[in-house]
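> Dropping a prediction and its sequence here:
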Amino acid sequence: MGVTYVQEYALNTYDFDKNGKVRLTSLVNCLQDISTRHFESAVKDRYSDPLGLWVIVEWKLDIIKMPETITTIRVTTEPTYFRKFIAYRGYMIEDENGEIIGTGVSKWAYLDIGSRRQANIPAVFNEIFKVEEGAYKPERMVISVPQSETSYKAKIMSHDSDLDVNQHVNNVVYIRWALDALQLSPLAFDENWQPKTLKVNFKKEVFAHTEIDIESFVDDLSLNEKRSIHRLKNNQGELSVDLEIEWIKISG
């Protein structure tokens, strides 16, 4: 397997929502941050050629237990696969007592920074991160087809404040948009439900000042489990993001 990297993150009051629960976006922000930190710290002294651009293709986060108080979490990441222009990373999240509270996998595409087209990952990255060329490739993530015929539609406009250093809407913003659309809809969940699994498949970049259509569905999986599916399309009708969240009832 690859070289691991560890970072501790302090959860603050603003990482908790109106119901006193940790925001899903706060956890994904930690995973995004550690991915960048690890890559930049590892290559800065060992690779002198111009770097390409990493863009996220998929997130998958399995939540075992949500932190319930202001605390510190410990995140460990390691790259597990490089081939052509695709890379995978794994994650483990622990609470302050060392208990594993979540695991995750991300898929990334490496692009030429000028053309924003796919570019081969430099072979030296395998050496830097100790990833074998024949490493196991994670299975392709699948987002379920909605079973419910009832959906709720919302619109949102992207703004400059939604952009990241790559000049497109940051991947965590899409998650926030989907959650906000869900909570404003008749399909909304109350505080007795919390996320169990998050899957996000990024299809097409969105830039500033673009109107986004969000269509949300909710399927009942069991008495204590639900699934929300969100499809985000740009103003050309092109699918930008597919997002699925499995929810579990924790009380009530």
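Cool, got the structure.
> In three-state terms, label Ile34 for me.
Put simply, Ile34 is helix when judged by DSSP: H, G, I helix; E, B strand; the rest coil.
> my guess is it meets Thr77, correct?
Yes. Taking contacts as C-beta atoms under 8 Å, Ile34 lies within contact range of Thr77: 5.0 Å. For glycine as for every other residue, the C-beta is placed from the backbone atoms N, C-alpha and C.
> Report the set of residues contacting both of those two.
5, 91 (C-beta atoms under 8 Å, 6 or more residues apart in numbering).
> mind listing what Ala10 touches?
71-72.
> Tell me, what's the model's pLDDT at it?
At Ala10, the model reports a pLDDT of 97.
> For the stretch 1-150 of the chain, which segments count as strands?
For the stretch 1-150 of the chain, applying DSSP state E, counting those that start in this stretch gives strands covering 5-10, 53-63, 72-83, 86-94, 100-111.
> okay, Ile34 and Thr77: which has more neighbours?
Thr77 (25 against 21; other C-beta atoms under 10 Å).
> now stretch 107-118: mean pLDDT?
94.
> now do stretch 215-231
97.
> Check stretch 27-41 too.
In the prediction, stretch 27-41 has an average pLDDT of 97.
> repeat for stretch 236-248
97.
> what do you get for stretch 169-176?
Rounded mean pLDDT across stretch 169-176 is 97.
> ok so, going back, between the strands of the stretch 1-150 of the chain, which gets nearest to Tyr136?
Nearest of these to Tyr136, taken as C-beta to C-beta: strand 72-83 at 7.0 Å.
> Which elements pack onto the closest one?
Packed against strand 72-83 by the contact rule (3 or more C-beta pairs under 8 Å, 6 or more residues apart in numbering; DSSP states H and E) you find strand 5-10, helix 24-43, strand 86-94, helix 124-129.
> Of all the residues in it, which ones are buried?
Buried residues in strand 72-83, counted by 16 or more other C-beta atoms under 10 Å: 73-82.
> So Ile100 sits against Met92, correct?
Yes. In this structure Ile100 lies within contact range of Met92 using C-beta under 8 Å: 6.1 Å.
> Take the helices and strands packed on strand 72-83 and write them to a markdown table, including distance to Phe207.
Putting the helices and strands packed on strand 72-83 into a markdown table (distance: least, C-beta to C-beta, whole Å) gives the following:
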| stretch | distance to Phe207 |
| --- | --- |
| strand 5-10 | 29 |
| helix 24-43 | 19 |
| strand 86-94 | 23 |
| helix 124-129 | 28 |
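> Looking at those, which one is packed in the most?
Among the helices and strands packed on strand 72-83, ranked by average contacts under mean count of other C-beta atoms under 10 Å, first place goes to strand 86-94 (a mean of 20).
> quick one, helices of the stretch 101-250 of the chain?
For the stretch 101-250 of the chain, applying DSSP state H, counting those that start in this stretch gives helices covering 124-129, 171-183.
> contact partners of the longest one?
Helix 171-183 is contacted by residues 24-25, 28-29, 32, 56, 59, 152, 154, 156, 158, 162, 188-189, 198, 200, 202, 206, 212, 214, 216, 218, 228, 230, 232, 240-241, 243, 245 when judged by C-beta under 8 Å, 6+ apart.
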